[in-house]
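Trainee: okay, here's the prediction I keep looking at, along with the sequence it came from:
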Amino acid sequence: MAIINVTALYSRLVSNLPDTSLALLFCFACVAVYRIYFSPLAHVPGPKLAAVTTLYEFYYSCIRLGQFVFRLDELHKQYGPIVRIGPNEVHIKDAQFFDKIYNVTNKFDKDGWFYRFLNTPYASFGTIKAEDHRLRRSALNRHFSPASIIRLDPVITQAVSTLCRRFEEHRREKRVVDLTNAFRCVSGDIITEYVMPDPITLLEHKDFAADYHSVFVRRFAIIGTFHRHLGWLLPVILSLPGWLLSLISPPAVLQVFSRIKWMDEQAQMVMQSGGPPKQKKDHPIVLSSIYHSDLPANEKTLIRLSQEALIIITAATDTTAQTLSLATYHLLAKPHLLIRLQTELQSSFPAAADDTIISYRDLEKLPFLTACLKESLRLGSAASSRLPRINPNSPITYGDHTLPAGTVIGMSPRDIHYDPSIYPDPRSFNPDRWLEGSDRARKVNEHFLVAFGKDARSCLGNNLAMAEMCAILGNMFRKFEAIELFETTEEDFEMAYELMAPYAKSDSKGLRVLIK
Ligand code: HEM
């Protein structure tokens, strides 16, 4: 009986197909006309297709992998500082307006569609509502304050010491050092030591864990970008039984899933450990602290802990490594800058023995070292993409345009950092812009350095990142005076595509050096 009904239904559908298609087409046409001519954003300039559908962005982000950022540049050239880039989204390129959207007093939400990126709605990064975020962030902030990072100094020092030992091995064996991966190992080791019960020890891997990083860095971001546009894809894939998944998924994707599983295992370990963690480490374990905090029980679930760990580890690793790689590259490519840094290091620590690791707390006081890092944060803009926000309660005015409550408004740190009216000759690496000029000019520079964001959703780990970068760059260039670039050019640092973060051309091997 059921078969007969289904068959009848099917033949009815087929015979009515032309009518159904026409009706659907008519609906699409009505929506398109509404979005282009009658929507409250109809007055904002931009391509008509983008006003109608997010498929416009899909084409540049997914089909032409990561090219939307370049399209955005072209759109701003064509339409001006405000462009409508989606049915309910505008992008603004105007440094003077950045503070209006990104400041700590705004209680703006994130855009749920955009932040679907890594499928982590339970982590601070993926939390959409401002008030939910405040609660989640409150359990994290105290672990990343300047005072907490001081407690982590021995962990940072130990990791830098291991890094230098590995460099020494490479020097003896005259082997090329994959420095970008080496930097990823240090930041990965430090953050997992701090966040997880069982840290990973990437620095000890022979080739600086190249395989591990290839999963976490690029593949993860590609999957995230597709998931943003095709939100059903990941949940469907993840709900498949393991045997089917391994049959149909490419090994690269399976590796990503196994990393997610590893986070689950770490979270499970924390939840099963009973009372507060036994103090086998000299610092708290962030996951355990969240679990034993006074957050409500629904904020301490397995999925919440696992997603938070995934986000913190992902956010901490490549951003820091890319910023360090860029600074190192420019120092090696411009010997006059390197000499200045090495002179600063030698004159500041003349008595330190060769095997001493200088603490980041001493290194962060060095003006030229910190200027190099700020310049790298600016030029590299490691989290470069737009950071879309929503004011759910009131309209926002930009020039002649009133953007109603609920409009998605995005601005990109990279646009601010590359604005020649703030940073002259913005594409050149010039640490002196942080040291020279009037007090006022330097204050302006500092004000517009927004690499870590500026609002309540800004980077959780900025203090940790600065501490790590000072410790690594300072100790590396103090100990190893003869480092040479190996088959690395400026092209290895030019953005070829963007998936939240900027990526160089896909056959780039990152920063490689020989230590003499
Ligand atoms: C040079 C290094 C880094 C840069 C440039 C950077 C940049 C940023 C930016 C711009 C955001 C805001 C993203 C948004 O608005 O959607 C952010 C968020 C975040 N970052 Fe970083 N980051 C760095 C290092 C780190 C480190 C070391 C950690 C480790 C704790 C970290 C953890 C996070 C987390 C958890 C968030 C989400 C915060 C939230 O939504 O509450 N980042 N980062």
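Mentor: Perfect, thanks for sending it.

Trainee: quick check: residues of the stretch 351-500 of the chain near the ligand?
Mentor: Applying Cβ under 6 Å from any ligand atom, one finds that the stretch 351-500 of the chain approaches the ligand through 382-383, 387, 413, 451-453, 457-461, 464-465. No exception for glycine: its C-beta is placed from N, CA and C like everyone else's.

Trainee: and for the stretch 201-350 of the chain?
Mentor: Along the stretch 201-350 of the chain, the residues adjacent to the ligand under the rule Cβ under 6 Å from any ligand atom are I311, I312, A315, A316, T319, T320, T323.

Trainee: hmm, back to that, reformat the residues of the stretch 351-500 of the chain next to the ligand as CSV; add secondary structure.
Mentor: As requested, these are arranged in CSV below (DSSP: H, G, I helix; E, B strand; the rest coil):
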residue, secondary structure
A382, coil
A383, coil
L387, coil
P413, helix
A451, coil
F452, coil
G453, coil
R457, coil
S458, coil
C459, coil
L460, coil
G461, coil
L464, helix
A465, helix
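
Trainee: which one of these is nearest T402?
Mentor: Within those, the smallest distance to T402 is 21.7 Å, found for L387 (Cβ to Cβ).

Trainee: ok, back up a step: which pair in the residues of the stretch 201-350 of the chain next to the ligand spans the largest distance?
Mentor: Distance extremes for those: the farthest pair is I311 and T323 at 18.5 Å, using Cβ to Cβ.

Trainee: can you pick out the residue with more neighbours from these two?
Mentor: Between I311 and T323, counted using other Cβ atoms under 10 Å, the more crowded position is T323 (27 against 19).

Trainee: what's the average pLDDT for the helix or strand in which that one is found?
Mentor: Assigned by DSSP states H and E, T323 falls within helix 302-333. Predicted confidence along helix 302-333 averages 96 (mean pLDDT).

Trainee: roughly how far out does it sit from the chain middle?
Mentor: Its chain's C-alpha centre lies 7 Å from the corresponding centre of helix 302-333 when counted by Cα atoms, centre = their mean, to the nearest Å.

Trainee: which parts of it are buried?
Mentor: 304-332 (16 or more other Cβ atoms under 10 Å).

Trainee: what is that helix packed up against?
Mentor: Taking 3 or more Cβ pairs under 8 Å, 6 or more residues apart in numbering; DSSP states H and E as the contact definition, the neighbouring helices and strands of helix 302-333 are helix 179-195, helix 251-272, helix 286-291, helix 335-348, helix 367-380, helix 462-479, strand 483-485, strand 501-503.

Trainee: let's see 6 Å
Mentor: helix 179-195, helix 251-272, helix 367-380, helix 462-479 (3 or more Cβ pairs under 6 Å, 6 or more residues apart in numbering; DSSP states H and E).

Trainee: what comes up buried for the third one?
Mentor: With burial defined by 16+ other Cβ under 10 Å, the residues of helix 367-380 counted as buried are 368-380.

Trainee: for W232, grab phi and psi.
Mentor: Phi and psi for W232, reported as degrees, to the nearest 10, are phi -80, psi -20.

Trainee: grab the nearest non-local neighbour of P45.
Mentor: For P45, ignoring the flanking residues on the chain, the nearest one in space by Cβ to Cβ, 6 or more residues apart in numbering is Y79 at 4.1 Å.

Trainee: could you tell me which ranges of the stretch 151-300 of the chain sit under the pLDDT cut-off?
Mentor: Screening the stretch 151-300 of the chain residue by residue with the criterion pLDDT under 70, one finds the ranges 252, 274-280.

Trainee: tell me the residue of it that sits nearest the ligand?
Mentor: Residue of the stretch 151-300 of the chain nearest the ligand, by Cβ to the nearest ligand atom: I191 (5.7 Å).
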